[in-house]
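Trainee: Below are the sequence and a predicted model; questions follow.
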Amino acid sequence: MANSKSASKRARQTATRSLRNRRVLTRVRGLHRRITGTGSHEADAASLISAIDKAAKRGMIHRNAANRRKAKLARARAAAKK
């Protein structure tokens, strides 16, 4: 339990942000599972890249982690085309 008004506000903000972050990261993981499970679809891949970029822009994942995920996806798509 928070001891001051500012601490209780911080707790509320943290709860709200945690829910938002969880929703976004769950979407990113779900899109990734959809692509790797059924094969690469261009529309799904584009939406995954967009979701990764947005998550990195908002600070939900580190930008280097976002770049690493996109590079891994690009390598997998290139290998699938061969």
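Mentor: Looks like it came in fine.
Trainee: What strand or helix carries residue 61?
Mentor: Element membership of residue 61 [criterion: DSSP states H and E] is none; it lies in no helix or strand.
Trainee: okay, residue 39: pLDDT?
Mentor: Residue 39 is assigned 63 on the pLDDT scale.
Trainee: mind checking the longest helix of the chain?
Mentor: Ranked by residue count and defined by DSSP state H, the top helix of the chain is helix 5-38.
Trainee: So which elements touch it?
Mentor: Other elements packing on helix 5-38 under the criterion 3 or more Cβ pairs under 8 Å, 6 or more residues apart in numbering; DSSP states H and E are helix 42-57, helix 63-81. C-betas here are computed from N, CA, C, even on glycine.
Trainee: Can I get these in a markdown table including distance to residue 10 and mean neighbour count?
Mentor: Below are those laid out as a markdown table (distance: least, Cβ to Cβ, whole Å; neighbours: other Cβ atoms under 10 Å):
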| stretch | distance to residue 10 | mean neighbour count |
| --- | --- | --- |
| helix 42-57 | 23 | 15 |
| helix 63-81 | 25 | 13 |
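Trainee: Pipe these into CSV and attach mean pLDDT per row.
Mentor: Listed next are the helices and strands packed on helix 5-38 as CSV, based on pLDDT from 0 to 100:
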stretch, mean pLDDT
helix 42-57, 92
helix 63-81, 91
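Trainee: Nearest approach to residue 21 belongs to which of those helices?
Mentor: For those, distance to residue 21 was read as Cβ to Cβ. The smallest value, 8.4 Å, belongs to helix 42-57.
Trainee: orientation of that closest one relative to helix 63-81 in degrees?
Mentor: Interaxial angle of helix 42-57 relative to helix 63-81 (axes from the mean of the first three to the mean of the last three Cα atoms, to 10 degrees): 170 degrees.
Trainee: quick one: contacts for residue 45?
Mentor: Under the criterion of Cβ atoms under 8 Å, 6 or more residues apart in numbering, the neighbours of residue 45 are 35, 73, 77.
Trainee: can I get those in TSV with distance to residue 42?
Mentor: Shown next, in TSV, are those (distance: Cβ to Cβ, whole Å):
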residue	distance to residue 42
35	10
73	12
77	9
